[in-house]
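Chemist: what would the 3D arrangement of this be:
(one chain, ligands or ions: 1)
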Amino acid sequence: MREFIFKANKTITSSNINLKDLPGSCGRLDLVCRCVSDSLFLSHDIRRDVIFYSILYGPPNPPIAIKFVGNELKKVSPDERNIAIFIKKAIKKFEELSEEEKKYWNESTPGIYVRRIDFKDLVLEKINEGKNIYYLHKNGKDVYEVKIKNPVFILGDHIGLTKEDEEFLEDKAIKISLSPLELHANHCIVIIHNILDRLEYGI
Ligand SMILES: C[S@@+](CC[C@H](N)C(=O)[O-])C[C@H]1O[C@@H](n2cnc3c(N)ncnc32)[C@H](O)[C@@H]1O
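Modeler: Residues are numbered from 1 along each chain as shown. Next up is the predicted model:
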């Protein structure tokens, strides 16, 4: 199983999503959609061994976490607009829940769940599940020097993680680098998949 957590610092937490303005008024929702697409979709297929989380921290009601489960997804297609429609449905579902219900994962459409949980608590949950946490960062240890097992990969958005998040991860995550260059988060996901695919196929 490969898992990804993408922290979206500015992404809208209301279902009032303008599908014609994902980067602007939706607070870089386009980045979230690209990460969903690149983590879960193959050509004419879905990666069933992937769970992708994004935690949205934009106004008006943060944080909202959305989970995409590869082996349960139905009807979602890889284009940004289609994914944004499903995120809009998930946030609408969230808005209709009671405060108690919001504490747990609630399915909005097949394979897509929504919940109130912050970044740190989600990371702690993953550690409790026995996962290993890898924080993707340009200045980390070279990826080829690290043994990746049972992974959850943490990615920042255009702003990156806060200093506080990084301090929190300090003793919980292995910081790994894919390149000396600053890459887009969705491109990092593609590279990680390729490295792990090649290992799995013994190449
Ligand atoms: C556009 S970058 C973030 C840039 C932001 N200004 C910063 O300083 O963190 C988006 C995310 O991709 C990941 N990333 C970017 N370049 C990387 C690299 N060379 N190796 C590993 N991860 C990288 C990091 O998780 C980063 O937070």
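Chemist: so what are the sheet partners of the biggest strand by length in the chain and their directions?
Modeler: Across the chain, the longest stretch assigned as strand under DSSP state E is strand 132-142. Strand partners for strand 132-142, identified by DSSP bridges, are recorded as strand 151-155 (parallel), strand 173-177 (parallel).
Chemist: pull out the buried residues from the first one.
Modeler: Taking 16 or more other C-beta atoms under 10 Å as the basis for neighbour counts, the residues of strand 151-155 that come out buried are Pro151, Val152, Phe153, Ile154, Leu155. Yep, even glycine has a C-beta here, placed from its N, CA and C like the rest.
Chemist: closest one of those to Ile51?
Modeler: Checking these against Ile51 with C-beta to C-beta, the nearest one is Val152 at 8.7 Å.
Chemist: any idea what that closest one is bridged to?
Modeler: Going by DSSP bridges, Val152 forms beta bridges with Glu3, Ile133.
Chemist: likewise Ile66?
Modeler: Ile66 forms beta bridges with Ser54, Val114, as assigned by DSSP bridges.
Chemist: looks like it contacts Arg116 (just checking).
Modeler: No. Assessed by C-beta atoms under 8 Å, Ile66 is found out of contact with Arg116, at 11.2 Å.
Chemist: pick out whichever of these two has more residues nearby.
Modeler: Remark: of Ile66 and Arg116, Ile66 carries more neighbours, 25 against 19, as counted by other C-beta atoms under 10 Å.
Chemist: and the pLDDT for that one?
Modeler: As predicted, Ile66 sits at a pLDDT of 98.
Chemist: on the three-state scheme, the nearest residue to Phe41 once chain neighbours are set aside is what?
Modeler: Leaving aside its chain neighbours, Phe41 sits nearest to Pro78 (4.1 Å; criterion: C-beta to C-beta, 6 or more residues apart in numbering). State at Pro78, reduced to three classes by DSSP: H, G, I helix; E, B strand; the rest coil: coil.
Chemist: list the contacts for Pro78?
Modeler: When contacts are counted by C-beta atoms under 8 Å, 6 or more residues apart in numbering, Pro78 touches Ser37, Leu40, Phe41.
Chemist: output those residues as a markdown table; include the columns secondary structure and distance to the ligand.
Modeler: As requested, these are exported to a markdown table (DSSP: H, G, I helix; E, B strand; the rest coil; distance: C-beta to the nearest ligand atom, whole Å):
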| residue | secondary structure | distance to the ligand |
| --- | --- | --- |
| Ser37 | helix | 16 |
| Leu40 | helix | 18 |
| Phe41 | strand | 19 |
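Chemist: can I get those residues in CSV including neighbour count?
Modeler: Output for those, formatted as CSV (neighbours: other C-beta atoms under 10 Å):
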residue, neighbour count
Ser37, 19
Leu40, 24
Phe41, 19
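Chemist: of these, closest to Ala173?
Modeler: Closest to Ala173, out of all of the contacts of Pro78 and judged by C-beta to C-beta, is Leu40, at 22.5 Å.
Chemist: isn't that closest one up against Phe68?
Modeler: Yes. Counting by C-beta under 8 Å, Leu40 does reach Phe68; the two are 6.0 Å apart.
Chemist: what is in contact with these two at once?
Modeler: Val50, Phe52, Val76.
Chemist: ramachandran coordinates for the last one?
Modeler: Read it as Val76. Phi and psi for Val76, reported as degrees, to the nearest 10, are phi -80, psi 140.
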